[in-house]
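>>> My questions concern the predicted model and sequence given below.
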Amino acid sequence: MTSLRDGNICLKIGVTAHRDLSHADEESITRQTREFFASLQHMFPDLPLVVVNPLATGGDTLVAQVAINMGLSLEVPLPMPLTEYQEDFVDPHSLEVFQALLRQSLVFELPLAQGNSLESIREQGDARNLQYAQLGTYVASHSHIVLALWDGKDVYKPGGTGSVVNFQLHDEMSGITGEHGVDHLLADKESDLIYHIHCPRAEEETRDRGRWLSNESVFECVEMPERYRAPFLHLQDFRLDGLKYQSAIKSSGISLIEHRDMRSDPNLKEIDNAHQTADWLAIRYRGFVERELFFTHVLAVLMGASFIIYSEYVEFSILLPAFLFFFFVALFLNKMAGHFQWHRKYLDNRALAEGLRVQFYWTLAGIEDYNGAAFTYDNMMQKQDMELVWIRHVMRSVGGSGRVNPDRASNGLELAIDNWIGDAEAETGQLGYYDSASLHREKKLKRNEFYGTFTLWVGIFIALLLLAIGSILDDTATNILFILMGLLPLTAGIRQAYAYKKADKELTKQYQFMHKTFSNAQRQSLAAKSDPVMQEKVLRALGEACLEEHSEWILIHRERPLEHSGLHA
């Protein structure tokens, strides 16, 4: 068996297929499967394909052999311990093929379903069927696309092909009940994509080519529907950025693995690799965004100053071309930011990094973020647009949610509390971060408010001064005072617009809220020091609160994109 991969951003294709294929149809099904994989490689040439395949006899084996021949990677989730699973391979040749494919795959075992035991699953029946139902939900939930070799008939045997298709489309699996957020019942389901290759089990005519299915549409084509393509393109961009800056990320990226006991868990390493990449990229693109915002607003001040001074001193004719120069430089910066997608990449990578932070510490603490039918973070950013789906795609594909994890640290819960929540006085964890960051933002907000009030009263003072002694002042003094009356509110207004663009006021409130949330989590976790079950509940509630706040954070910023400035044309 292959050890867990060291975290690679990829496009995962889950497989569900009938076991009893017709030999007459195998050639057509093989060709269509090959064409499907080839079309994905053509659409996303820089996104490796990984096939999540349980390697059951029949269709699963056929797809696995096509994937291996095309150089694709295989992940094999086992619904039960290997010795038990092999009992379902009654044909010696099928067992031999299965074992040969295992040697070329990444293999991991799923845990026993709730209420099952090794004894209960040894016999054919409900308990064993429940393991297959759990396997079906795992394959669908850990894949971006499901490849279904299916006869198209709605037969919902637990874990059967029809049931897996139904789960992918409607989140319903016979024999398994899951919890879904009521707030998102009306949200679009974006992880419902199926490529269906018709696989008749009786004497029927096989379709010549596959088709795409979603929970509300059928697309009779090989090419992926457009609305699903954009998130995978963003996923591909993320991978390319990670590869481009790989050496810099390795040398200066911030790792969440801060204790030696965390290093033995490959699941944590996989999540940490993705988090380091997202965090480093977010910091990089934030720098671009902040510089673009700063320089465009400085240029706006210079434009305003040029106009105001020119209106008082027409003889300074150089100010008119200077005004145009400042305008076009600002416009160029704005266009460049839009072309390179600095703002989108900053927001997306920051939201991804914070989501992965929650996933990391949940994994460390042994808090299962998979309830049998959905991930907790499947509800993250459901209210935002389709292009943010790729963030959930990354979170779904890394880590080991739903797997048996023999390498988890025995003191993982304690480590999660110490390193995630932390302590404000010791300046550790997120509590230490939000404690200092919220204070810094409060001071910054007060400085902005003071500057606005100061310029207002100075402007009023200058107006009163002109009213009182303007008649005795010479033209130069009067012009200077008029220029100051124009410049002071201009700079105050542009500074206010700059703060609005950065959402300083809203983010200060959000940081204060997060500080309070982590303070409460610290207090409750300390109170439940002898109750690990309660501590797990605290960390779960904390993670859900963090995911919700990060969703709000990205929503605030996406409402204020760089291109919606007064300089945009």
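Alright, I've got the coordinates. Numbers count the residues shown, from 1 in each chain.
>>> tell me which strands and helices the strand or helix carrying Ala499 is in contact with?
Using DSSP states H and E, Ala499 sits in helix 475-501. For helix 475-501, the packing partners by 3 or more C-beta pairs under 8 Å, 6 or more residues apart in numbering; DSSP states H and E come out as helix 266-312, helix 429-469. (C-beta placed from N, C-alpha, C; glycine too.)
>>> Could you tell me the angle between the longest one and helix 475-501?
Looking back up the chat, that one is helix 266-312. With axes from the mean of the first three to the mean of the last three C-alpha atoms, to 10 degrees applied, the angle from helix 266-312 to helix 475-501 works out at 160 degrees.
>>> Check which helices and strands helix 266-312 sits against.
helix 226-244, helix 246-252, helix 319-339, helix 342-365, helix 475-501.
>>> where does this protein have low pLDDT?
For the chain, residues meeting the criterion pLDDT under 70 lie at 1-8, 24, 174-190, 201-208, 368-387, 402, 562-569.
>>> who touches stretch 459-468?
473, 478, 481-482, 484-485, 488-489 (C-beta atoms under 8 Å, 6 or more residues apart in numbering).
>>> what do you get for stretch 549-560?
343, 347-348, 350-351, 354-355, 380-381, 383-384, 388, 500-501, 503, 506-507, 510, 513-514, 517.
>>> Give the buried subset of those residues as a PyMOL selection command.
Selecting the buried subset of these in PyMOL, with 16 or more other C-beta atoms under 10 Å as the burial test, is done by:
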select buried, resi 343+347+348+350+351+354+355+380+381+384+388+501+503+506+507+510+514+517
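>>> returning to what we had before: could you point out which element follows the helix holding Ala499?
Following helix 475-501 toward the C-terminus (DSSP H and E): helix 504-527.
>>> So which of the helices and strands packed on helix 475-501 is the most surrounded?
Highest mean neighbour count among these (mean count of other C-beta atoms under 10 Å): helix 266-312, with a mean of 20.
>>> angle of that helix against helix 319-339?
Going by the same axes, to 10 degrees, helix 266-312 makes 160 degrees with helix 319-339.
>>> Adding distance to Val50, write the helices and strands packed on helix 475-501 out as CSV.
Formatted as CSV, those follow (distance: least, C-beta to C-beta, whole Å):
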stretch, distance to Val50
helix 266-312, 13
helix 429-469, 32
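>>> Who are the contact partners of the closest residue to Leu431 other than its chain neighbours?
Leaving aside its sequence neighbours, Leu431 sits nearest to Phe518 (C-beta to C-beta, 6 or more residues apart in numbering; 4.2 Å). Phe518 makes contact with 421-422, 429-431, 434, 542 under the criterion C-beta under 8 Å, 6+ apart.
>>> Spatially nearest residue to Leu21 (excluding sequence neighbours)?
Sequence neighbours aside, Gly58 is the residue nearest to Leu21 in space, at 5.0 Å (criterion: C-beta to C-beta, 6+ apart).
>>> Spell out for me which residue occupies the centre of the chain.
Ile391 (1.9 Å; C-alpha atoms, centre = their mean).
>>> What is the subsequent helix or strand relative to the helix or strand where it lies?
Using DSSP H and E, Ile391 maps to helix 389-397. Of the helices and strands lying after helix 389-397 in sequence (DSSP H and E), the nearest is helix 412-416.
>>> Could you name the helices and strands sitting against that following helix?
Helix 412-416 packs on helix 342-365, helix 532-558, going by 3+ C-beta pairs under 8 Å, 6+ apart.
>>> right, and the helices and strands packed on helix 475-501 - which one's nearest Pro81?
Distance to Pro81, taken as C-beta to C-beta, is lowest for helix 266-312 among the helices and strands packed on helix 475-501, at 19.3 Å.
>>> Return the distance of that closest one from the chain's centre.
Its chain's C-alpha centre and that of helix 266-312 lie 21 Å apart, by C-alpha atoms, centre = their mean, to the nearest Å.
>>> What of stretch 239-255?
That offset, for stretch 239-255, works out to 17 Å (C-alpha atoms, centre = their mean).
>>> try stretch 531-543
The answer for stretch 531-543 is 23 Å, by C-alpha atoms, centre = their mean.
>>> Make sure Glu75 is indeed in a helix.
No - remark: Glu75 does not belong to a helix; assigned using DSSP: H, G, I helix; E, B strand; the rest coil, it is strand.
>>> now it, which residues is it bridged with?
Val52, Leu106 (DSSP bridges).
>>> starting at the chain centroid, how far to stretch 485-497?
On C-alpha atoms, centre = their mean, the centre of stretch 485-497 falls 38 Å from that of its chain.
>>> got it, and stretch 539-558?
12 Å.
>>> again, but for stretch 517-525
Distance, centroid of stretch 517-525 to centroid of chain: 26 Å (C-alpha atoms, centre = their mean).
>>> can you pull the buried residues of that stretch?
517-518, 521-522, 524-525.
>>> want to throw the residues you listed into TSV with distance to Ser264?
Putting these into TSV (distance: C-beta to C-beta, whole Å) gives the following:
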residue	distance to Ser264
Thr517	30
Phe518	27
Ala521	26
Gln522	27
Gln524	29
Ser525	24
